[in-house]
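S.K.: Sequence unavailable; structure follows:
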């Protein structure tokens with residue numbers, strides 16, 4: 001038996017365990033990412049699985065690829081009107097919010113762990129950003145529906161605050177390891193991360209839409225793969241020229257997802273599955289890497305003090321009420337990004353890097369468990385939930401490769417609609433309109 005045969009078997013078993021554990025999420029009231037981490041920890045050297053995995057660089061590589069795919073899927077499903085609605089508060093939270101959260105947490109960590117202030121600030125910077133994978137997953141699977149303003153703020157903040165966290169982490173590592181003097185060099189690094197991420201993301205997204213619609217591939221199944229390749233191209237170009245690949249891949253996803261392109265619905269389904277696979281792989285592998293350490297106080301400072309103190313003053317400037325600010329403060333989930341950033345000190349060879357990694361992992365686990373499991377309860381308690389939207393049992397899609405002079409328009413009728421109880425002939429539809437399908441509950445009705 002070759003080594004790769006064993007790796008494939010092990011990977012399949014761990015992925016299957018991750019998928020099965022996702023079924024337990026609703027019953028146990030835990031976010032799926034926590035269960036994925038637990039699967040990894042049980043399979044690791046401290047668990048019954050006994051798998052020895054201590055390759056920080058491999059974990060960083062897998063985590064980066066998985067997070068890029070998750071962010072790309074999040075961008076594909078983010079309406080441009082949501083970004084226009086909340087870009088100001090979301091961008092303020094993604095910059096100043098991360099800075100304030102990291103500073104407060106870092107100061108507390110330095111005091112609690114009896115380490116230098118710079119080491120504490122490094123730890124605070126690593127856990128300063130919310131995690132897009134955790135937020136996207138939780139908002140879509142918690143069984144609650146928030147207002148468009150709140151949901152968009154949480155999703156866009158989590159997708160765009162990684163550059164600030166990366167900037168602070170790399171900057172502090174340069175100061176600690178290479179004795180770099182803080183100054184214009186750090187400012188240029190931040191501006192290049194943000195600026196290049198936005199520019200390349202927009203450019204690659206615009207080019208990708210035109211490529212997808214004009215190229216004629218031999219198989220329909222290749223179009224979702226082509227879309228994924230465009231997203232990874234955006235990440236790769238940006239990361240290699242000194243920008244934020246995470247921001248670029250999200251923006252590319254937004255541009256593509258808000259454009260018309262062939263096989264759109266099947267592409268969305270493909271990337272949804274790919275994002276789930278990425279989440280399972282990422283959190284299981286990160287779970288394999290850890291040896292747990294109990295450091296509750298830092299996690300509670302982050303959740304109950306640092307995040308609210310950073311969020312509330314910023315959102316108050318943009319007209320959010322107290323209930324909305326409270327919920328945004330609470331949904332400050334930490335996930336894969338802090339753990340991936342915590343690998344950087346290990347790669348840089350920083351003294352005390354193992355302590356920082358273990359603390360960060362424990363903070364993420366507490367944050368995901370406590371905040372994630374209570375999100376639905378908190379949203380209902382604050383009276384910020386909406387009734388679930390009415391969804392059709394089936395939908396149609398135009399899959400022609402060329403330009404088609406037609407649109408499929410989908411209308412969902414509520415009980416109060418004036419069309420309810422009327423015949424098709426009584427709807428006064430334009431002459432060029434064709435009623436293609438009526439979907440009611442689980443039944444498909446042929447229009448006549």
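M.R.: Yep, it's here. Nothing here was measured: the structure is a model prediction, and the numbers come from that model.

S.K.: Could you give the average pLDDT over the helix or strand hosting residue 266?
M.R.: Element membership of residue 266, judged by DSSP states H and E, is helix 264-289. Averaging pLDDT along helix 264-289 gives 79.

S.K.: in the next helix or strand after that helix, what's buried?
M.R.: Under the assignment DSSP H and E, the closest C-terminal helix or strand after helix 264-289 is helix 296-301. Buried positions in helix 296-301, judged by neighbour count with 16 or more other Cβ atoms under 10 Å: 298, 299, 300, 301. The way it works is simple: take the backbone N, C-alpha and C, and place the C-beta from them, glycine included.

S.K.: thinking again about what came up before, which strands and helices lie in contact with the helix holding residue 266?
M.R.: In terms of contacts (3 or more Cβ pairs under 8 Å, 6 or more residues apart in numbering; DSSP states H and E), helix 264-289 is packed against helix 3-28, helix 32-43, helix 56-76, helix 132-141, helix 222-240, helix 336-348.

S.K.: Residue 288: which of those helices is closest?
M.R.: Closest approach to residue 288 among those (Cβ to Cβ): helix 32-43, 4.7 Å.

S.K.: Pull out the buried positions in the closest one.
M.R.: Of all the residues in helix 32-43, those buried under the rule 16+ other Cβ under 10 Å are 32, 33, 34, 35, 36, 37, 38, 39, 40, 41, 42, 43.

S.K.: Can you give me every residue that contacts the residue lying closest to residue 217 once chain neighbours are set aside?
M.R.: Leaving out its chain neighbours, the residue that sits closest to residue 217 by Cβ to Cβ, 6 or more residues apart in numbering is residue 223, at 6.4 Å. The contact partners of residue 223, by Cβ atoms under 8 Å, 6 or more residues apart in numbering, come to 212, 217, 262, 263, 266, 267.

S.K.: Restricted to buried residues, select those in PyMOL.
M.R.: Filtering the contacts of residue 223 down to the buried ones (16+ other Cβ under 10 Å) takes a single PyMOL command:
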select buried, resi 212+262+263+267
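
S.K.: what's the longest helix along the chain packed up against?
M.R.: As assigned by DSSP state H, the longest helix anywhere in the chain is helix 184-214. Packing partners of helix 184-214 (3+ Cβ pairs under 8 Å, 6+ apart): helix 162-178, helix 222-240, helix 245-257.

S.K.: tell me the most buried of the ones you listed?
M.R.: Comparing those by mean neighbour count (mean count of other Cβ atoms under 10 Å), helix 245-257 ranks first with a mean of 29.

S.K.: what comes into contact with stretch 302-319?
M.R.: The contact list for stretch 302-319 (Cβ under 8 Å, 6+ apart) reads 88-89, 92-93, 96-102, 104-105, 108, 124, 127, 153, 324-326, 328-329, 332, 334, 363, 366-367, 370-371.
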